[in-house]
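Q: Take a look and give me a structure for this.
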Amino acid sequence: MRIDIVAVGRLKKGPEAALVADYLDRFAKTGRALGLPPVGVTEVEDRKGLGQSAEAELLARAIPPGAAVVMLDERGDQPTSPQFAERIAGWRDGARDICFVIGGADGLTPDLRARADWQISFGRMVWPHMMVRVMLSEQIYRAATILAGSPYHRV
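A: As a prediction, this is how the structure comes out:
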């Protein structure tokens, strides 16, 4: 099983990068005992003028074949953290790779969104894609703590 985050743009050194690294490191430690591998991160170009279609093509090439594709999109479902954890556990138990996809500033093309097994949103507001990486990383870690029965997630 693999878990990947595929995102438009390079995360530069700074608070967002530090938070993503911290949450993914915590996940790697917690997830190991649960049969969850460390999360890989693939970044694709976000050069000015590249355009949504070109970004979609780069993202599509980076998605591992056969992976369950979870797109982060403002129109997506708004699952609870336990529901998110259950979905990850289901893919783990089915030995299916998972790929989380985060688009650039212009979002994801309809064709790319159509490839999603699940589209999720962190609320009805639009978030900067670099902040979405932080929030996704934290939720992936939180999912592992929920599955492990840890007190990190409080109801």
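Q: which is the next helix or strand following the helix or strand harbouring L59?
A: Taking DSSP states H and E as the criterion, L59 maps to helix 52-62. The helix or strand immediately downstream of helix 52-62 is strand 68-77, counting by DSSP H and E.
Q: Report all helices and strands that that next one contacts.
A: Judged by 3 or more Cβ pairs under 8 Å, 6 or more residues apart in numbering; DSSP states H and E, strand 68-77 is in contact with strand 98-102, helix 110-113, strand 118-120. C-beta coordinates here come from the backbone N, C-alpha and C atoms, glycine included.
Q: could I get those as CSV with mean pLDDT and distance to G31?
A: Listed next are the helices and strands packed on strand 68-77 as CSV, based on pLDDT from 0 to 100; distance: least, Cβ to Cβ, whole Å:
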stretch, mean pLDDT, distance to G31
strand 98-102, 97, 12
helix 110-113, 94, 27
strand 118-120, 97, 19
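Q: follow-up on the earlier one: just list what the helix holding L59 packs against, helices and strands only.
A: Partner elements for helix 52-62 (3+ Cβ pairs under 8 Å, 6+ apart): strand 3-8, strand 39-44, helix 110-113.
Q: switch to 6 Å and redo it
A: Other helices and strands packing on helix 52-62, by 3 or more Cβ pairs under 6 Å, 6 or more residues apart in numbering; DSSP states H and E, are strand 3-8, strand 39-44.
Q: Buried deepest among these, which one?
A: strand 3-8 (a mean of 23; mean count of other Cβ atoms under 10 Å).
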